[in-house]
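Visitor: give me a model of this one.
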Amino acid sequence: MNHFLDIHKTSPEDLRHIIDQAAAMKAARAGRPKGTPDDEQPLKGRMVALIFEKPSTRTRVSFDVGVRQMGGETMVLSGKDMQLGHGETIADTARVMSRYVDLIMIRTFDETVLTEMAEYASVPVINGLTDRTHPCQIMADIQTFEEHRGPIKGKKVVWTGDGNNVCASFIHAAGQFGFDFTFTGPKQLDPEDEFVGLARRAGSTITIERDPVKAVEGADLVVADTWVSMHDSQSSKERRHNMLRPYQVNEALMAHAKPDALFMHCLPAHREEEVTSAVMDGPQSVIFDEAENRLHAQKAVMRWCLGV
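Guide: Numbering: from 1, shown residues only. Have a look, this model is predicted:
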């Protein structure tokens, strides 16, 4: 049984297998109507629980559609429906759910909810997002980069803004896929030292550069994410905007990256805040390929978890 909890907890060989299978599954669907099932039905007869303590668009739709395309069925549950960790312990919920379903995907706030679910479940558990990491997004990002520019190994990825959960999983990926990573943003929002250390010990060059212009020089990929969370207060949003405004990705900043550098954003984006519309809609942007590849990457993750 394979859990997919974080990129650094999955071997480079297995990660490569997942990316390659995602690309193959995407190619096999080329030109097919979106609602049609895959020729292969590896999840036929399988039930997948999709648990959402946090709101979701891309994660919910992509997992739901992916399961259906592969012949399986989904049960979509909210944290409110389940009262996770309130009326019943996470451990007991995991034990009970394992009697009903073949696979659990959970999108939650606290990382300990995910880890406890995986510890006590007797079926595979997938991290759909926590406040600390977002590995499924980065698997889609790696797939997207490689379908446009070839192997990501040895490339330079630059993250601008907040060293958040998506940034953390990108740093994990740097160590596992062998690319270099530069973070540019205010010191108060630096990524966790633990994650930086993991990637450096794996052999990747991880750089912290306060000057965004210097940071993007020679970049093969520039990545941004929203500056504020839906849960931030108005005063917190204003403080964060003031801190992060110098790190906006705009055409002037992209001009300092390689001429063929790509731009990514996991969406949803606040246009004209962390990134301008000119960049989002420009020729270097692959944000909608990136969004689509959540579907294909997660299908491959589910197959790997179930060994099918």
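Visitor: and Leu50, how far is that from Arg29?
Guide: Look at Leu50 and Arg29: by Cβ to Cβ, to the nearest Å, they are 21 Å apart. Where you see a C-beta, it was placed from the backbone N, CA and C, and this is true even at glycine.
Visitor: is Met105 in a helix, a strand, or coil?
Guide: strand (DSSP: H, G, I helix; E, B strand; the rest coil).
Visitor: not counting sequence-adjacent ones, nearest residue to it?
Guide: Using Cβ to Cβ, 6 or more residues apart in numbering and skipping the chain neighbours, the partner closest in space to Met105 is Ile126 (4.3 Å).
Visitor: ok, now which ones touch the one you found?
Guide: 3-5, 103-106, 136, 298, 301-302, 305 (Cβ atoms under 8 Å, 6 or more residues apart in numbering).
Visitor: could you do Ala291 as well?
Guide: Contacts of Ala291 (Cβ under 8 Å, 6+ apart): 58, 140, 267.
Visitor: secondary structure element holding it?
Guide: Of the helices and strands defined by DSSP states H and E, Ala291 is found in helix 287-306.
Visitor: pull out the buried positions in that helix.
Guide: By neighbour count on 16 or more other Cβ atoms under 10 Å, the buried set for helix 287-306 is 287, 289-306.
Visitor: quick one, it and strand 103-107 angle?
Guide: 140 degrees (axes from the mean of the first three to the mean of the last three Cα atoms, to 10 degrees).
Visitor: quick one: mean pLDDT for helix 287-306?
Guide: Per-residue pLDDT values over helix 287-306 give a mean of 98.
Visitor: next: stretch 57-64.
Guide: On average, stretch 57-64 scores 96.
Visitor: so Ala173 makes contact with Ala140?
Guide: No. The pair Ala173 and Ala140 fails to qualify as a contact (Cβ atoms under 8 Å) at a distance of 11.1 Å.
Visitor: shaky segments in the stretch 101-250 of the chain?
Guide: 230-233, 235 (pLDDT under 70).
Visitor: all helices for it, in order.
Guide: Using DSSP state H, counting those that start in this stretch, the helices found in the stretch 101-250 of the chain span residues 111-120, 135-149, 165-177, 193-201, 212-216, 234-244.
Visitor: minimum distance to Met70: which of the ones you listed has it?
Guide: Taking Cβ to Cβ, helix 135-149 is the member of the helices of the stretch 101-250 of the chain nearest to Met70, at 15.7 Å.
Visitor: just how off-centre is the closest one within its chain?
Guide: Centre-to-centre, helix 135-149 and its host chain are 9 Å apart (Cα atoms, centre = their mean, to the nearest Å).
Visitor: strand 103-107 and that one, what's the angle between them?
Guide: 90 degrees.
Visitor: helices or strands up against helix 135-149?
Guide: If contacts are counted by 3 or more Cβ pairs under 8 Å, 6 or more residues apart in numbering; DSSP states H and E, helix 135-149 sits against helix 12-28, strand 125-129, helix 165-177, strand 262-265, helix 287-306.
Visitor: tell me which residue is most central in the protein.
Guide: Gln137 (1.7 Å; Cα atoms, centre = their mean).
Visitor: follow-up on the earlier one: export the contacts of Ala291 to CSV and tack on distance to Ile208 and neighbour count?
Guide: CSV is the format used below for those (distance: Cβ to Cβ, whole Å; neighbours: other Cβ atoms under 10 Å):
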residue, distance to Ile208, neighbour count
Arg58, 29, 19
Ala140, 25, 27
Leu267, 26, 16
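Visitor: got a markdown table for these, with distance to Ser11 too?
Guide: A markdown table is the format used below for the contacts of Ala291 (distance: Cβ to Cβ, whole Å):
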| residue | distance to Ser11 |
| --- | --- |
| Arg58 | 26 |
| Ala140 | 19 |
| Leu267 | 29 |
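Visitor: wait, which of these is closest to Asp260?
Guide: Ala140 (20.5 Å).
Visitor: how close does that closest one get to Ala91?
Guide: Ala140 is 31 Å from Ala91, by Cβ to Cβ.
Visitor: quick revisit: looking at the helices of the stretch 101-250 of the chain, which is buried most?
Guide: Ranked by mean neighbour count under mean count of other Cβ atoms under 10 Å, those are led by helix 165-177, which reaches a mean of 25.
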